[in-house]
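Asks: return a 3D structure for these sequence lines:
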Amino acid sequence: MTSEETGFKCDECGKEFNDSINLNRHIKQAHKDKFKCSICGKGFSSKLGLAGHLQKHEAKKRKAITVSQIEDLINNYNGEPASHWAHTFKVTTSQINKVFNLIKNVEKTDDIMPPLLPRTIEEKVALVLSRKGLKIKS
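Replies: Below you'll find the model as predicted:
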């Protein structure tokens, strides 16, 4: 830290303060990494900052929702929020919400879907619904 005519300046970021107390507080809060990420080593000045960062790592671990998970969701849904199912299946909440949106608008059908390897969430939901004699309304 350096003392200048206008006050006290942080050597790391250049921010200026009126006194050394505020400068020292700033350095401790902004530049001292008390909490380290065990995955990548990035440092944070607070537990909250580290917790938010760890959620990003967790999201990267999440995989695409499977046909069997969609089937479980449709068969066992009882009003739980999307976050519950995302945690249960280790997928993203946006994938669960997409399934919810697709199954809102279904109708009976006699069409049997041919066996296929569904890749998109829409294809996976369509396959599960067809097993139940349902399809998404056009």
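Asks: quick one: the nearest residue to residue 12 once chain neighbours are set aside from residue 14, how far?
Replies: The shortest distance from residue 12 to any non-neighbouring residue, by CB to CB, 6 or more residues apart in numbering, is to residue 31 (5.1 Å). For the C-beta atoms, the positions are set from N, CA and C on the backbone; glycine is no exception. Distance, residue 31 to residue 14, using CB to CB, to the nearest Å: 12 Å.
Asks: neighbour-wise, which of the two wins?
Replies: residue 31 (13 against 7; other CB atoms under 10 Å).
Asks: OK, contacts around residue 82?
Replies: 93, 96, 97, 100 (CB atoms under 8 Å, 6 or more residues apart in numbering).
Asks: ok, the last one to residue 86 distance?
Replies: Distance, residue 100 to residue 86, using CB to CB: 11 Å.
Asks: between those two, which one's more packed in?
Replies: Using other CB under 10 Å, the more surrounded residue of residue 100 and residue 86 is residue 86, with 19 against 15.
Asks: looks like the more buried one contacts residue 92 (just checking).
Replies: Yes - at 6.0 Å, residue 86 and residue 92 qualify as touching, with contact defined as CB atoms under 8 Å.
Asks: show me the common contact partners of these two, please.
Replies: Joint contacts of residue 86 and residue 92 (CB under 8 Å, 6+ apart) are residue 62.
Asks: neighbours of residue 95, how many?
Replies: 21.
Asks: low pLDDT regions in the protein?
Replies: Across the chain, the ranges flagged by pLDDT under 70 are 1-6, 33, 59, 111-116.
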